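[1] curious how this folds, go ahead:
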Amino acid sequence: MVEAHSTGNGVAAPKDARNSRAITGICDRFGNDPHRMLDILRAVQDRFRWISPTAMETIAEATGLTRIAVEGVASFYSFLSLEPKGAITIRLCDDIVDRFAGLDDVVKSFEDELGIKLGTTSVDGRFSLEYTPCIGMCDQAPAAMINDIVVTRLTKDKARSIARALQSDARPQDLISPQFDALSPYERVTMAVDSNIKHAGEVLLGPVPRDAGLEKASVLQPEQIVAEVEASGLRGCGGAGFTTGAKWRLAAAEADTDRFVFCNADEGEPGTFKDRVLLTERADLLIEGMTIAARAVGASEGLIYLRGEYVYLQEHLESVLTERRARGVLGTDIMGKAGFDFDIRVQMGAGAYICGEEGALISSCEGLPGEPKTRPPYPVNRGYLGHPTVVNNVETFCHAARILDRGDEWFHAIGTKGSHGTKLFSVSGDCLNPGVYELPYGLSVAELLRMVSGEDAAAVLVGGPSGTMISRDSFQRKLTFDDLATGGAVIVFSGKRNILEMVEYYMSFFVHESCGYCTPCRVGNVFLQKAIQKFRKGNANSSDIDYLRDLSATIIETSRCGLGVTSPNPILSTLENFPLVYSAVSKKSEDGMKATFDIQSAIEEARGIAKRRSYIFDRDYGK
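    Okay, here's the model as predicted:
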């Protein structure tokens, strides 16, 4: 039976018509702008718990797009669903750290109490229970997202208590505090998630004067700001390490006067959570750094791309932006300087690791699937909507603000040659003191392990799965750009952990998170995962080791973006640093991969796991 309700003229209106009006209203709220497609779809998902065929048609009509284009975006992001989800969706983080911390017991408690299995929705539509990749809470695992609320340090008993409370009609936010609605945005954030700062350094996490850097920048010429940032030696803190001042100089030199400053707060690398802490404790400093960058390159608009898993931080960031506008340090005539205009909006992501790559991030902000862009041109030349765009991460902008405050010589003197300043390390895993440590570049892994009480480590993953797994004989290596570079993640593993289990998990992560655009990454990573499974089953031999190396080299050379270039790293670094692990499970027979490996079934599995279809796949394999 069609649900109806009374309209103003007494005529019954069907539910579909009411929903269509609500969706049209959502589109209106975002100016019917196709570039705001992700915002529109997120709002529809939040309201109706799915993106229905009717919703896609309504959105397409309002934004002037085809239904296919809308579905292409809706099907790309894991937090958007083309099937109904429960009114309360529980996403359990299944990162390897969470698994080792007791995730299985937590899952069982939720399943038993809610009466549903993982990956399903209750018959009454109240609850959905599913896995999600790392949500940036590895220092307080196991963790989960319950709608937009994060809960941490789960145990089987805590999970059972949460499930019972939700069944008794508690709201997800009530799990944080019965007085949740009366709390300030900052209080809501910090009551839900510990910042867990274990060591505050002199640059970012120690005492920071408010807007001292911006005050100085407001009286400097743009060229002087760029020169100071260049002289400091600041390099991008997301892992790539490109010189920040050089990036700003390239954007400022473009003839196009419409320029943008974007903050990459899509901290999706498993094991990384230091930007989460800066967004919580140093949001003012971040926005100050972005505003300084805007003056340096001549931008009037900025954007913070906040990963979907950090949605609980959105209200806090919006409150800081509002407060800064009221103080005259954001908006028009900043610091009383006529013509110094710059404002920022928050763009929420929706669960796509690939959007941490700056080209994919820009695509996402343009209302497209988060697929990387072909280079050149680079974003500093033609980025958002074809205009020059500076993209730096949270930590980089915070450093820039401090450099303008204290001076380039002060910053340059910290750290080592080629790696200047301090670095925030997100430490998790088998150690007594997980958390965030701000330390100068140049300390050894062994020194960090002593600080975190992880001296029993048998392996350390530096830089997350796209980084390097090292063994005990490499613990004297230095945490610098020239030795062990990292965007921040340092994951400690004791000798009781299975190296190949970790490698297989990280390969499954890359398979799931591939955007699906190019064949080497989309299909090649499935082949690598299958090969590792063969080693774990004891069915591999020495020729399979050669296969791993050869296929990894092919993926690295032919992939379109950084995901494919780094995805074989869990295999390559463990082959180099843990060769006995592979040899111990390899048979002496020479019947290699071809005898037991079905390429076509692997290709089909790649499509299923990634849950994304690309026109290139259809072109290459015809379907």
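[2] number of nearby residues for A459?
    Close neighbours of A459, defined as other Cβ atoms under 10 Å, add up to 25. No exception for glycine: its C-beta is placed from N, CA and C like everyone else's.
[3] whoops, R249 was the one
    The criterion is other Cβ under 10 Å. On that basis, R249 has 19 neighbouring residues.
[4] what's the one helix or strand it maps to in contact with?
    For R249, the enclosing helix or strand under DSSP states H and E is helix 244-252. Helix 244-252 is touched from outside by 222-223, 225-232, 234-236, 259, 293, 296-299, 378, 380-381, 388-390, 392, 396, 399-400, with contacts defined as Cβ atoms under 8 Å, 6 or more residues apart in numbering.
[5] distance of the nearest residue to D194 once chain neighbours are set aside from F509?
    The spatial neighbour of D194 that comes closest, neighbours along the chain excluded (Cβ to Cβ, 6 or more residues apart in numbering), is Q140 at 6.0 Å. Here the criterion is Cβ to Cβ, to the nearest Å. By it, Q140 lies 20 Å from F509.
[6] those two: who's more crowded?
    The neighbour count for Q140 versus F509, taken as other Cβ under 10 Å, is higher for F509 (24 against 20).
[7] related to what we said a few turns ago, can I assume the residue nearest to D194 is in contact with N196?
    Yes. With contact defined as Cβ atoms under 8 Å, Q140 and N196 form a contacting pair (6.8 Å).
[8] centre-most residue in the chain?
    Nearest to the mean C-alpha position of the chain, counting by Cα atoms, centre = their mean, stands G268 at 2.3 Å.
[9] so which helix or strand takes in that one?
    Since the elements are taken from DSSP H and E, G268 ends up inside neither a helix nor a strand.
[10] now for it: which residues touch it?
    Contacts of G268 (Cβ under 8 Å, 6+ apart): P133, C134, R307, E309, A352, Y353, C355, G356, E513.
[11] what of V297?
    Taking Cβ under 8 Å, 6+ apart as the definition, contacts of V297 comprise P222, V226, W248, A251, A252, R259, V261, P388, V390.
[12] apply 10 Å and report the result again.
    Listed by Cβ atoms under 10 Å, 6 or more residues apart in numbering, the contact partners of V297 are 222, 225-226, 247-254, 259-261, 380, 388-390.
[13] S195 versus A283, what's the distance?
    12 Å.
[14] between these two, which contacts overlap?
    Common contacts of A283 and S195 (Cβ under 10 Å, 6+ apart): V189.
[15] compare the two (neighbour count), which wins?
    When A283 and S195 are compared for neighbours, A283 comes out ahead with 25 against 18, by other Cβ under 10 Å.
[16] residues contacting the more buried one?
    By Cβ under 10 Å, 6+ apart, the residues touching A283 are 185-186, 189, 304, 313, 316-321, 323-324, 394, 398.
[17] out of these, which are inside strands?
    Cross-referencing the contacts of A283 against strands under DSSP state E gives I304.
[18] from the contacts of A283, which land in helices?
    Applying DSSP state H to these, the entries found in helices are 185-186, 189, 316-321, 323-324, 394, 398.
[19] circling back: assess the claim that the residue nearest to D194 and L154 are in contact.
    Yes. Using Cβ atoms under 10 Å, Q140 and L154 qualify as a contacting pair, with a distance of 9.2 Å.
[20] ok, which stretches of the stretch 51-200 of the chain are helices?
    Counting by DSSP state H, counting those that start in this stretch, residue ranges of the helices within the stretch 51-200 of the chain are 53-63, 67-74, 96-100, 103-114, 156-167, 185-192.
[21] to K537, which of those helices lies closest?
    Shortest distance between K537 and the helices of the stretch 51-200 of the chain, using Cβ to Cβ, is found for helix 96-100: 19.3 Å.
[22] list of residues touching that closest one?
    With contact meaning Cβ under 10 Å, 6+ apart, helix 96-100 is reached by 92-93, 103-104, 106-107, 131, 134-135, 137-144, 154, 270-271, 428-430, 434, 461, 465, 491-494, 496-497, 501-506, 509.
[23] and with 6 Å instead?
    Applying Cβ atoms under 6 Å, 6 or more residues apart in numbering, the set of residues contacting helix 96-100 from outside is C138, A141, P142, S428, G429, M502, Y505.
[24] so the last one sits in a helix?
    Yes. Inclusion of Y505 in a helix is indicated when DSSP: H, G, I helix; E, B strand; the rest coil is applied.
[25] count of neighbours near the residue lying closest to it once chain neighbours are set aside?
    The spatially closest residue to Y505, leaving aside those adjacent along the chain, is I96, at 4.8 Å (Cβ to Cβ, 6+ apart). As a burial measure, the neighbour count of I96 was computed by other Cβ under 10 Å and equals 26.
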